[in-house]
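>>> sequence first, predicted model second:
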Amino acid sequence: MAERKKITIIVRMGKKLKKEGEKITTSPEECEALRKAFSGPHGVEEKSMLEILGKCNPADLTTFRKNSPYIFLDDEYCFEKWDPFHMKSLQIKFLHFQRAVIQRTMHPWERDALLVRKSLEEKPPLYNLLIELACTRTSDEFLGARKAFQCLYSESVEEFVAVKVQGFQRRLLVALVSTYRYEGMRIDEAAIKLECQKLARAIKTDHRNEIENDDEVLRILTTRSKHHLKTIHKCYKEDYDSNLEEDLDDIQILRDTVNCLCAPPIYFSKILDTSMSICPAEQEMEALTRVIVTRTDVDMKDIAAEFDRKYGAPLIERIEAAALGNYRDFLVALVKRGMAN
Amino acid sequence: MATHSVTEDCEQLRKAFAGWGTNEGLIISILAHRSSAQIKLIRETYAKTYGEDLLKDLDKELSSDFERVVVLWALDPAERDAFLANEATKRWTSSNQVLVEITCTRTSQQLLLAKQAYHARFKRSLEEDVASHATGDFSKLLIPLVSIYRYEGDEVNMTLAKSEAKILHEKISEKAYNHEDVIRILSTRSKAQINATLNRYKNEFGNDINKDLKTDPKDEFLAILRATVKCLTRPEKYFEKVLRLAINKRGTDEGALTRVVTTRAEIDMKIIKEEYHKRNSVTLDHAIGKDTTGDYEKMLLALIGHGDA
């Protein structure tokens, strides 16, 4: 009873203060801009926040809160309470730029080692992230990441993956993280023809769990050089009029492996698109930072071209629509830089 | 130790090839007493001075076992391992042991250099060739052994040692020698961790793991598993045994003898000689002297005395 009285007094006092002449100085447009500044999936619009919040008086803030029903909730005690879910996600959004900066300045070996660790410590585990790291880096880049991993965690990547993963996935993933592929252009035409046939036979005749355990399929994907595999991919298309990764479609980790090894820009443009969709999951969102930061020095031009071709809009435009503030500007700068290389 | 002039060495080697016949003694007296770093310099200088590859000249002028030991010795250690590994992938099961030997007795860095040398020389990766040539259980073990970049630190997790010793014992008792956990433990764990696990195994279950892996002396996969364990934990004992079998074999296994001497001369030959003496009551020098002849014998003896200079 006493509690209720206390609160009623506070509310009455609040209303009294307002009545005593605090004017509302922000326009509805400014309120809207401020709402937007808080509401992107990617980042926050620091400029708006600085300018508008910088001059808001308490009355403005109250108006802002009252007119932002998705950010602030009505409480039974008549104050506008910050929606806890929104507040938490806002804390993460503020971090987007920070994360991008840290990733960009970090040594690529350390960065990839941390990502490898994360890929299997998340629940559920992110096999596609592990495959991305093992297959899109050069042999020496990934070897560097393996060394950094040993330095950071006092164990090898191979041990770590072998313990965390079971079954057929273990064989594939351990092999992918341990192999040191030949990076040159020399290929064996006869072997390519033969292996193309072996893959086709496995796909056409085996059941799903047989392909997964097919020694030859594993051998070809986990030991052959990238140039060799790209040539197989081409040969497969010519001979069977189909894309290898599409025919492996129902075994996601095999499909991702083929994509990452044979056509990284296709893989990357796809996950960029997913990261900027309407309501991406947190892991999907993080891909936006990771892909831009890690590929700006490698194949950003190809990724942007593929993105444009597949999704009908330039990558930069999509980023400008999906991200806010410093985070957006940083990503755009990295993309532009990568495209100019 | 006298300083050697690289130019003088090149001149002398060139002289050794000149005219009819070859001065093998001169070749031995120079090459057997140079480190791999010095030989690298000699090869570079020789190529610059005479426009020819020293190795090609050695190949032309020398023959048979003597040639092989000299040429292998003159190769840079990484090239040597790449060459031996490549040879092993072309042969059948007996050479699986050579692959185990190379992948398990080298440090992670040495194995990496060998793989890089393999790319440069054969334009393929070692993993590809091992995977194409090995089959079944052998490939399940050999491919990881070839690929994995083992952690080289000394840290040991005793809880893990206990649990993994248990797993190994379980699988071995079930005769599931090719079980993925057996392969996982042997191919991914650091050497220090494996040592701890196998010590634990012996403490808990009474036997050395290799004793328990001897159930069928004719089973080749078990032989390879035993070799893997030995190479990872007691390389000097492994090499002593290879040498002993090579020498005691009717007719001598020069391939194995040459391989062990050239690959270990700069690494741990002193310890291997001690093991040999302990196990056989004669020195390795004595045994080689009895079992081989001519320039081949002279070169081997010079190499095993290499570290004693």
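On my side now, so go ahead. Numbers count the residues shown, from 1 in each chain, chains lettered A, B, ... in the order given.

>>> continuing past the helix-or-strand element of chain A with minimal mean pLDDT, what's the next helix or strand?
Among the helical and strand segments of chain A, the one scoring lowest on mean pLDDT, DSSP states H and E is helix A:2-19, with a mean of 56. Next in sequence after helix A:2-19, counting helices and strands by DSSP states H and E, comes helix A:28-39.

>>> list the buried residues for stretch A:84-98?
Residues A:86, A:90, A:93, A:96-97 are the ones in stretch A:84-98 that count as buried (16 or more other CB atoms under 10 Å in any protein chain shown). Where C-beta positions appear, they are placed from N, C-alpha and C, glycine not excepted.

>>> secondary structure added to these, as a markdown table?
Shown next, in a markdown table, are these (DSSP: H, G, I helix; E, B strand; the rest coil):
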| residue | secondary structure |
| --- | --- |
| A:86 | helix |
| A:90 | helix |
| A:93 | helix |
| A:96 | helix |
| A:97 | helix |
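
>>> closest to residue A:80 among those?
Among the buried residues of stretch A:84-98, residue A:86 lies closest to residue A:80 (CB to CB), at 12.1 Å.

>>> what is the burial count for residue 301?
Since no chain was named, I'll use chain A. 15 (other CB atoms under 10 Å in any protein chain shown).

>>> meant chain B actually
Going by other CB under 10 Å, the residues that sit close to residue B:301 add up to 18.

>>> for residue A:341, same thing?
Residue A:341: 10 neighbours (other CB under 10 Å).

>>> go on, residue B:225?
Neighbours around residue B:225, by other CB under 10 Å: 23.

>>> could you check the pLDDT of it?
pLDDT, residue B:225: 95.

>>> now do residue B:184
94.

>>> give me the three-state assignment for the closest residue to it other than its chain neighbours.
The shortest distance from residue B:184 to any non-neighbouring residue, by CB to CB, 6 or more residues apart in numbering or on different chains, is to residue A:162 (4.6 Å). With three-state DSSP as the basis, residue A:162 sits in helix.

>>> show me what contacts residue A:162?
Applying CB atoms under 8 Å, 6 or more residues apart in numbering or on different chains to residue A:162 gives the contacts A:170, A:174, B:184, B:188.

>>> from the residues you listed, which land in helices?
A:170, A:174, B:184, B:188 (DSSP state H).

>>> just send the residues you listed back as JSON lines, with distance to residue B:154 and neighbour count too.
Converted to JSON lines, those look like this (distance: CB to CB, whole Å; neighbours: other CB atoms under 10 Å in any protein chain shown):
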{"residue": "A:170", "distance to residue B:154": "27", "neighbour count": "17"}
{"residue": "A:174", "distance to residue B:154": "24", "neighbour count": "28"}
{"residue": "B:184", "distance to residue B:154": "21", "neighbour count": "21"}
{"residue": "B:188", "distance to residue B:154": "17", "neighbour count": "25"}
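
>>> in CSV, list the residues you listed along with distance to residue B:249.
Converted to CSV, the ones in helices among the contacts of residue A:162 look like this (distance: CB to CB, whole Å):
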residue, distance to residue B:249
A:170, 40
A:174, 37
B:184, 35
B:188, 34
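
>>> out of these, which is nearest to residue B:262?
For the ones in helices among the contacts of residue A:162, the nearest to residue B:262 is residue B:188 (29.4 Å; CB to CB).

>>> how about residues contacting stretch A:183-193?
A:138-140, A:225-228, A:231-232, A:235, B:119, B:123-124, B:132.

>>> please redo it, this time with the cut-off set to 6 Å
By CB atoms under 6 Å, 6 or more residues apart in numbering or on different chains, the residues outside stretch A:183-193 that reach it are A:139, A:227-228, A:231-232, A:235, B:123.

>>> check those and tell me the two furthest apart.
A:139 and A:235, at 23.1 Å, using CB to CB across these.
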